[in-house]
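Participant: here are the coordinates; sequence isn't available:
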């Protein structure tokens with residue numbers, strides 16, 4: 001009986017040793033959550049600004065076309081027009097034809113100013129601004145024009 005106990009103990013120890021050495025580890029595969037890439041368009045900047053510095057010749061006209069992307073107000077500032085007090089025509093309208101032709105909806109005779117000469121409500125669409133000689137220029141002048149639009 002002692003022999004049977006010893007044999008039982010040896011078998012028990014062997015079984016415990018074998019169980020301790022057994023590879024009972026569970027391998028798990030990590031899960032990866034993939035978020036689809038999204039492309040965010042650049043923010044729209046309102047208002048947009050267009051500037052023009054160029055020359056106006058005697059009996060000439062210069063137009064700048066721009067497109068509004070929503071309804072709002074267009075501000076036009078002629079901040080320099082030759083020497084102080086030089087009077088020129090300034091108008092806002094709609095571009096016409098294949099050439100840089102602008103059919104003016106409103107116009108004024110003005111000198112340069114730090115404040116806008118026009119604040120015009122507009123809808124979405126194409127518009128133009130024209131600076132032109134009203135018959136007062138005796139020489140070419142340089143002018144600065146700023147258009148702020150929606």
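Facilitator: Looks like it arrived, so ask away. This is a predicted model, so every value here is computed, not measured.
Participant: show me where this protein has its helices.
Facilitator: 2-21 (DSSP state H).
Participant: where does the prediction get shaky in it?
Facilitator: Residue ranges of the chain with pLDDT under 70: 1-46, 98-100.
Participant: mind jotting down where the strands sit in it?
Facilitator: 48-56, 61-68, 72-81, 88-96, 101-110, 118-122, 125-132, 141-149 (DSSP state E).
Participant: now the ones you listed as a markdown table including mean neighbour count?
Facilitator: (C-beta placed from N, C-alpha, C; glycine too.) Listed next are the strands of the chain as a markdown table, based on neighbours: other C-beta atoms under 10 Å:
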| stretch | mean neighbour count |
| --- | --- |
| strand 48-56 | 13 |
| strand 61-68 | 17 |
| strand 72-81 | 19 |
| strand 88-96 | 19 |
| strand 101-110 | 15 |
| strand 118-122 | 15 |
| strand 125-132 | 20 |
| strand 141-149 | 19 |
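Participant: give the contact list for the closest residue to residue 94 other than its chain neighbours.
Facilitator: In this structure, residue 94 finds its nearest non-sequential neighbour in residue 103, 5.4 Å apart by C-beta to C-beta, 6 or more residues apart in numbering. By C-beta atoms under 8 Å, 6 or more residues apart in numbering, residue 103 lies in contact with 93, 94, 95, 96.
Participant: go on, residue 66?
Facilitator: 48, 50, 126, 127, 128, 129, 147, 149.
Participant: test my guess that residue 49 contacts residue 150.
Facilitator: No - contact between residue 49 and residue 150 fails when scored by C-beta atoms under 8 Å: they sit 11.2 Å apart.
Participant: if we can go back for a sec, which one of the contacts of residue 103 is nearest to residue 135?
Facilitator: Nearest to residue 135 among the contacts of residue 103, counting by C-beta to C-beta, is residue 93 at 19.8 Å.
Participant: with that, I have no additional questions.
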